[in-house]
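>>> Predicted model follows, preceded by the sequence.
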Amino acid sequence: MHVAIRRYQLDPASVEEVMRHVNEGFIPIIKDAEGFLAYYALNAGAGEIATVSVFEDQAGADRIHKVGCRLDKAKPRCITAESSGENRRRS
C-alpha cells in the first residue's frame with residue numbers, strides 16, 4: 001500500500017473553490033484509476049488544505065499525481081498552492 005500526504009497553503013478566500021474543484025473535478029477522475037483505494041481532502045483552516053491519497057502501490061500513485069498536475073495547470077488557483085509532498089509507504 002502507498003499513501004501520499006500533502007499540504008497546500010492557499011489564499012484563505014480560495015479554499016472553498018479549490019475544495020469544490022477537488023470534489024467535482026479531481027475525485028471523479030481518479031476514483032476509477034487502477035490501484036486507487038481512497039482520497040481525502042481536508043480543510044485545515046487558515047488557508048491550508050491537507051490531502052491523503054491511498055493506492056495499492058506507488059505506480060498507481062505516480063499515475064494519478066500526473067493527472068493532478070494537469071488539473072492544477074488547468075485551474076490556476078490550484079497551482080498557487082505550495083505543496084510540501086511527503087510520501088509515506090506502508091506495507
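Perfect, thanks for sending it. Numbers count the residues shown, from 1 in each chain.
>>> ok, longest strand in this protein?
The residue-count maximum for a strand in the chain (DSSP state E) belongs to strand 36-45.
>>> Pull out the buried residues from that one.
Residues of strand 36-45 classed as buried: Phe36, Tyr39, Ala41 (neighbour count, 16 or more other C-beta atoms under 10 Å). Any C-beta I mention is one placed from the backbone N, CA and C, and that applies to glycine too.
>>> between the residues you listed, which is closest to Ile27?
Tyr39 (6.0 Å; C-beta to C-beta).
>>> Can you name the residues that contact that closest one?
Phe26, Ile27, Ile30, Lys31, Thr51, Val52, Ser53, Val54 (C-beta atoms under 8 Å, 6 or more residues apart in numbering).
>>> and the closest residue to Ala4 other than its chain neighbours, how many neighbours?
Spatial nearest neighbour of Ala4, chain neighbours left out: Ser53 (4.5 Å); criterion: C-beta to C-beta, 6 or more residues apart in numbering. For Ser53, the neighbour count with other C-beta atoms under 10 Å is 22.
>>> What helix or strand is Ser53 located in?
strand 48-55 (DSSP states H and E).
>>> Just want the angle from that strand to strand 36-45.
Here strand 48-55 points in a direction 170 degrees away from that of strand 36-45 (axes from the mean of the first three to the mean of the last three C-alpha atoms, to 10 degrees).
>>> What pairs with strand 48-55, parallel or antiparallel?
strand 2-9 (antiparallel), strand 36-45 (antiparallel) (DSSP bridges).
>>> Out of those strands, which gets the lowest mean score?
Lowest mean pLDDT within those: strand 2-9, a mean of 87.
>>> Output it as PDB, restricted to C-alpha atoms.
Only the C-alpha atoms of strand 2-9 are listed here, as PDB (Å, rounded to 0.1, in the frame of the first residue of the first chain):
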ATOM      1  CA  HIS A   2       1.200   3.500  -0.800                       C
ATOM      2  CA  VAL A   3       0.000   6.600   1.000                       C
ATOM      3  CA  ALA A   4       0.800  10.200  -0.100                       C
ATOM      4  CA  ILE A   5       0.200  13.000   2.300                       C
ATOM      5  CA  ARG A   6       0.400  16.600   1.000                       C
ATOM      6  CA  ARG A   7      -0.200  20.100   2.400                       C
ATOM      7  CA  TYR A   8      -1.100  23.100   0.400                       C
ATOM      8  CA  GLN A   9      -1.100  26.700   1.600                       C
END
